[in-house]
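Participant: return a 3D structure for these sequence lines:
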Amino acid sequence: MDTNSGSRSAMAGLAVPRGRKNSLIPTTVALGILLALSTATSSLGPSCSGAAAAESPRPVDADSLHRLVARAEGGQPSAQYQLGTLYMLGEGVPQDDSLAALWIRRAAQQNHPDAEFALASLYVSGRGVPRDSSEAARRFRLAADRGHAAAQFWMAARHYFSWKSTGDSTAIAEALRWLRASCNQGFSVAEFTLGSMYRSGDGVPKDSAQAVTWLTAAAEHHSREAQTMLAGMYCTQEWVPAQRQVALKWFREAAEEGYREAQFAMALLLSQRQMIMGMVLPEANAPGGSDLVSAYMWSRVASDPGDLELRSAFFPVNPEGLMAALEVELSAQDLADAKNRALDWLERHPDFPPGRERVAMSDELVREHADLKRMAERGDPEAEFELSKRYYHGTGVRRSYREAARWAREAANQGLASAQVAIGDLCLRGEVVTQSDAEAASWYRKAAEKGHPMGQEQLARLYSGGNGVPQDDREALDWALKSAEQGLASGQYLAGFLLCCKMPTSVRSDEVAAYAWFTLAAEAGYEKARPFLVNLEVSMKPKELAEARRRAAAWRVWVPGSPAGDFRIFLPVTGRDSGLVRHA
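Facilitator: As a prediction, this is how the structure comes out:
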């Protein structure tokens, strides 16, 4: 594990408005310790015995692996521990929990502290050994006595929770003894936890000097949580003078390390905004100037698809809302610059969101990429588009948005509808390529005319807004209905919206059809449809509601691709069909 990177704890701060010092900076030390502990015991890797990581346990070639096996079989404990780690991770050797436990146990029997800690972790998880909490506790204690910083932290957490449940003063004294022992080795998780305890007065008297000292130590040891909390304190003048540049320094360090909360906090601070009850609002009298391009760039990075559980459960992180607000203020050129800066950052950080690279760059996916590229270079459009997606997401190859756009365009030029939609999306967003609504509309139309439901939906949206094409609600409805009839939830929502909210005066609205489409969209998980259902239920008559529900039920039984004959569900509206006609 990375000794100094800190754990994924809940105790992280954000820039918050003055006068609301603790509104967005959680101080739940007990839960912070629990989350930090789960990280400390969840994986094997370099040493946690002190501030510096031990030698890498991952040979990179067959010769290195052969030498490592020879040293392990010769009884060298560090080699036995490293070989066990390789078997646990499946790197260079087949993944095998039993062999991992065997080699780690041999190293632990020779008093190797990292191996002792790893073996204790295996007893916690039951990997390669029977699950045994008593044996795990015994071995954690052995590793702690031998100076293993993470094991000392584990002992501190065990006594801390004992104190929380019993109130025993000797338990908190033991917790603090072990915590300080771990801190004295530069273990950033322990430093962050002790600083948080002094900050909140949990188990120790509140002490601003101690809190700032230990949080600063953890931040300097690259704890992203400590950097973010300390930056938040500098923003809110909590025990330290307000220093915007110092706050930006710590936010930037955590943001560059891939910590989403810090990235979003940077965006808030640079855009002079605050977040209250999940809404992004301007912050009155904010000090310093704004940098909206950088603010948008960090918002875009923080919104990159990934494991949503990485976002803190203690406060709302809404980069998409901030992006929408900034898009109104930025010029087209500045917006394109901000987006491309975000993409450049993502390309330079292949392991963002944290932990993705180990999965995305597995040996199997790297081999698949090589095979796929050979097929793409022979002109196979399906392979070209799949290669484009892998470059975009960094799957089996280093992430490259320019290569993604190049291969998608190759496939689109060969007439592949899904690639045409993808190029349309890039043109619409102005990512990698020049932003152009008209070019986006051209690509969407090519896909839509081939029957691609997403191309149809996007073209409908452009007609509805008059972006890149003349504004035309009738044309928008035609394309939306084609998309909806193919079962695309967002197309069904759009059809419902157009039918009840945006029809020109020459075409009356059709609430019955709209309700049916909203129902189908909501059932497919498109949550934006639900408020419209609630509103329509108030305005519609019982007979109309019954008819709308009947239509939705009738649509459900139709399976796309099955011989349905002439299967009309929705009734015509002034000569136009507001539903769908199915033909075999």
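
Participant: tell me which stretches of the stretch 1-150 of the chain form helices.
Facilitator: 29-40, 62-73, 77-89, 97-108, 113-125, 133-145, 149-166 (DSSP state H, counting those that start in this stretch).

Participant: those: which one's closest to residue 298?
Facilitator: helix 29-40 (24.1 Å; C-beta to C-beta). For the C-beta atoms, the positions are set from N, CA and C on the backbone; glycine is no exception.

Participant: list of residues touching the host helix or strand of residue 320?
Facilitator: In this assignment (DSSP states H and E), residue 320 forms part of helix 319-329. Applying C-beta atoms under 8 Å, 6 or more residues apart in numbering, the external contacts of helix 319-329 come out as 263-264, 267-268, 271, 273, 278-280, 292, 295-296, 299-300, 302-303, 335, 338.

Participant: at 6 Å instead, please
Facilitator: 264, 267, 280, 292, 296, 299, 302, 303 (C-beta atoms under 6 Å, 6 or more residues apart in numbering).

Participant: again with stretch 424-436
Facilitator: 336, 339, 401, 402, 405, 439, 440, 443, 444.

Participant: biggest separation within the residues you listed, which pair?
Facilitator: Top of the distance list for these (C-beta to C-beta): 402 and 444, 21.9 Å.

Participant: so between the two, which is more surrounded?
Facilitator: Set residue 402 next to residue 444 and count neighbours by other C-beta atoms under 10 Å: residue 444 wins out with 30 against 14.

Participant: checking my notes, the more buried one in a strand, right?
Facilitator: No: under DSSP: H, G, I helix; E, B strand; the rest coil, residue 444 falls outside any strand and is assigned helix.

Participant: domains of the protein?
Facilitator: 258-360, 472-584 (automatic domain parsing).

Participant: pLDDT on stretch 237-249, on average?
Facilitator: Across stretch 237-249, the average pLDDT comes to 75.

Participant: would you work out how far apart the start and end of it are?
Facilitator: Start-to-end span of stretch 237-249 (C-alpha to C-alpha, to the nearest Å) is 16 Å.

Participant: helix, strand or coil for the residue nearest to residue 386 when sequence neighbours are not counted?
Facilitator: Counting by C-beta to C-beta, 6 or more residues apart in numbering, residue 386 lies nearest to residue 372, which is 5.9 Å off, once chain neighbours are set aside. Classification of residue 372 using three-state DSSP returns helix.

Participant: residue 372 touches residue 384, doesn't it?
Facilitator: No: using C-beta atoms under 6 Å, residue 372 makes no contact with residue 384, being 9.1 Å away.

Participant: so those two - more neighbours on which side?
Facilitator: When residue 372 and residue 384 are compared for neighbours, residue 384 comes out ahead with 26 against 22, by other C-beta under 10 Å.

Participant: buried set for the helix or strand that one falls within?
Facilitator: Taking DSSP H and E as the criterion, residue 384 maps to helix 381-393. Within helix 381-393, the residues scored as buried using 16 or more other C-beta atoms under 10 Å are 381, 383, 384, 385, 386, 387, 388, 389, 390, 391, 392.

Participant: alpha carbons of the following helix or strand past that helix, as PDB, please.
Facilitator: Downstream of helix 381-393, the next assigned helix or strand under DSSP H and E is helix 401-413. Below are the C-alpha coordinates for helix 401-413, written out as PDB (Å, rounded to 0.1, in the frame of the first residue of the first chain):
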ATOM      1  CA  TYR A 401      -8.800  11.600 -26.700                       C
ATOM      2  CA  ARG A 402      -7.300  12.700 -30.000                       C
ATOM      3  CA  GLU A 403      -6.800   9.100 -31.000                       C
ATOM      4  CA  ALA A 404     -10.300   8.400 -29.900                       C
ATOM      5  CA  ALA A 405     -11.600  11.100 -32.200                       C
ATOM      6  CA  ARG A 406      -9.400  10.000 -35.100                       C
ATOM      7  CA  TRP A 407     -10.700   6.400 -35.000                       C
ATOM      8  CA  ALA A 408     -14.300   7.400 -34.400                       C
ATOM      9  CA  ARG A 409     -14.100   9.600 -37.500                       C
ATOM     10  CA  GLU A 410     -12.600   6.800 -39.600                       C
ATOM     11  CA  ALA A 411     -15.600   4.600 -38.600                       C
ATOM     12  CA  ALA A 412     -18.100   7.400 -39.100                       C
ATOM     13  CA  ASN A 413     -16.800   8.100 -42.600                       C
END
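
Participant: now do residue 331 against residue 430, distance only.
Facilitator: 12 Å (C-beta to C-beta, to the nearest Å).

Participant: out of the two, which sits in the busier spot?
Facilitator: The residue with more neighbours, out of residue 331 and residue 430, is residue 430; 20 against 10, by other C-beta under 10 Å.

Participant: do you know the pLDDT at that one?
Facilitator: So, for residue 430, pLDDT stands at 82.

Participant: got it, and residue 285?
Facilitator: Reported pLDDT for residue 285: 49.

Participant: could I get the contacting residues of residue 250?
Facilitator: Residue 250 neighbours (C-beta under 6 Å, 6+ apart): 219, 227, 230, 231.

Participant: in a markdown table, list the residues you listed along with secondary structure and neighbour count.
Facilitator: Below are the contacts of residue 250 laid out as a markdown table (DSSP: H, G, I helix; E, B strand; the rest coil; neighbours: other C-beta atoms under 10 Å):
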| residue | secondary structure | neighbour count |
| --- | --- | --- |
| 219 | helix | 26 |
| 227 | helix | 32 |
| 230 | helix | 30 |
| 231 | helix | 31 |
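
Participant: so which of those residues is the closest to residue 62?
Facilitator: For the contacts of residue 250, the nearest to residue 62 is residue 227 (40.0 Å; C-beta to C-beta).

Participant: so where's the stretch 51-200 of the chain shaky on pLDDT?
Facilitator: 51-60 (pLDDT under 70).

Participant: likewise the stretch 401-550 of the chain?
Facilitator: 502-509.

Participant: now the helices for the stretch 351-500 of the chain?
Facilitator: Going by DSSP H, counting those that start in this stretch, the stretch 351-500 of the chain shows helices at 356-360, 363-377, 381-393, 401-413, 417-429, 437-449, 453-465, 473-485, 489-501.

Participant: how about these in CSV, adding distance to residue 88?
Facilitator: Shown next, in CSV, are those (distance: least, C-beta to C-beta, whole Å):
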stretch, distance to residue 88
helix 356-360, 13
helix 363-377, 16
helix 381-393, 27
helix 401-413, 34
helix 417-429, 39
helix 437-449, 46
helix 453-465, 42
helix 473-485, 48
helix 489-501, 42
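
Participant: ok, which of these comes nearest residue 205?
Facilitator: helix 356-360 (42.0 Å).

Participant: what mean pLDDT does the closest one get?
Facilitator: So the average pLDDT for helix 356-360 ends up being 54.

Participant: leaving out chain neighbours, which residue sits closest to residue 367?
Facilitator: According to C-beta to C-beta, 6+ apart, the nearest residue to residue 367 is residue 396 (7.9 Å).

Participant: the one you found: how many residues sit nearby?
Facilitator: So residue 396, with other C-beta under 10 Å, has 22 neighbours.

Participant: swap in residue 128?
Facilitator: 21.

Participant: picking up where we left off before, so for residue 257, which of the helices of the stretch 1-150 of the chain sits nearest?
Facilitator: Among the helices of the stretch 1-150 of the chain, helix 29-40 sits nearest to residue 257 (C-beta to C-beta), with 14.6 Å.

Participant: list the buried residues for stretch 105-120?
Facilitator: Applying 16+ other C-beta under 10 Å to stretch 105-120 flags 105-108, 112-120 as buried.
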